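Novice: Sequence first, predicted coordinates after that:
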Amino acid sequence: MAPSAPRTRATAALRMKQIALDNQDRTVRRLRAQLATERRGLAATKKELEETRVALEASHKVIAGLTEIGLSMSKKIERMKVKKQQVRANHVECHQKFQAHIHEAEDSMQAQHLIIEALVDEKDSLLQTIHGLQEANNAPAPFDGDWEEEPEEEPEEEDIEDIPLGEGEIDDEYDIF
């Protein structure tokens, strides 16, 4: 039995090496399968990453566009504020000018009123002077303050009905035709 022992040992060693190779082969296949799975996952991740990058670029473009619109709107708002301030200033200026015109007109009306009062007072004074002179001269008063209105005479209308129809003569001397 001795001569078969080395053979058995060699066979056993060979068998162990075969099992180890089989195990390594299975491990290599398993690792290759994992690698293939990882590669597919990596490809999917790369695809998602690319889609995300494209979406991110689109978002950046949208954000840039919105920012540009926002800046444009801000500029317009600022221009509108300036214009509003100018309009408000113009309105205040016009209002002040209008108030000045009103005050001038009121002052002018007051001055005219004072002139009218002075003229009325002067007229009363002159009338009193005239009455005093008339009384001193025993002359009748030309105006005693009481007016008597004379009735207006209405002109008599000619009755059209008085002219009988068909009895009037037509003078052809002046006929041009």
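Specialist: Noted; the coordinates are in hand.

Novice: I'd like to know how far residue 46 sits from residue 97.
Specialist: 75 Å (CB to CB, to the nearest Å). No exception for glycine: its C-beta is placed from N, CA and C like everyone else's.

Novice: Please, where are all the helices along this protein?
Specialist: 4-137 (DSSP state H).

Novice: what residue is smack in the middle of it?
Specialist: residue 80 (9.3 Å; CA atoms, centre = their mean).

Novice: Give me the pLDDT for that residue.
Specialist: pLDDT recorded at residue 80 is 95.

Novice: Same question for residue 136.
Specialist: 86.

Novice: Run a quick neighbour tally on it.
Specialist: When neighbours are defined as other CB atoms under 10 Å, residue 136 has 8 of them.

Novice: Residue 36 now?
Specialist: Around residue 36 there are 10 other residues, counting by other CB under 10 Å.

Novice: The one 4 residues further on too?
Specialist: Residue 40 sits with 10 neighbouring residues when counted by other CB under 10 Å.

Novice: Over to residue 134?
Specialist: By the criterion of other CB under 10 Å, residue 134 has 13 neighbours.

Novice: now swap in residue 48 and tell me
Specialist: The number of residues packed near residue 48 is 10, by other CB under 10 Å.

Novice: Before we move on, what's the pLDDT of it?
Specialist: 94.

Novice: how close does it sit to residue 118?
Specialist: 101 Å.

Novice: now residue 133
Specialist: Distance, residue 133 to residue 118, using CB to CB: 22 Å.

Novice: One more: residue 47?
Specialist: Separation of residue 47 from residue 118 (CB to CB): 104 Å.

Novice: Repeat that for residue 58.
Specialist: Counting by CB to CB, the separation of residue 58 from residue 118 is 88 Å.

Novice: Please apply the same query to residue 8.
Specialist: Separation of residue 8 from residue 118 (CB to CB): 157 Å.

Novice: For burial, what's the neighbour tally of residue 123?
Specialist: The number of residues packed near residue 123 is 10, by other CB under 10 Å.

Novice: And it, what's its pLDDT?
Specialist: Looking at residue 123, its pLDDT is 94.

Novice: Likewise for residue 107?
Specialist: pLDDT, residue 107: 93.
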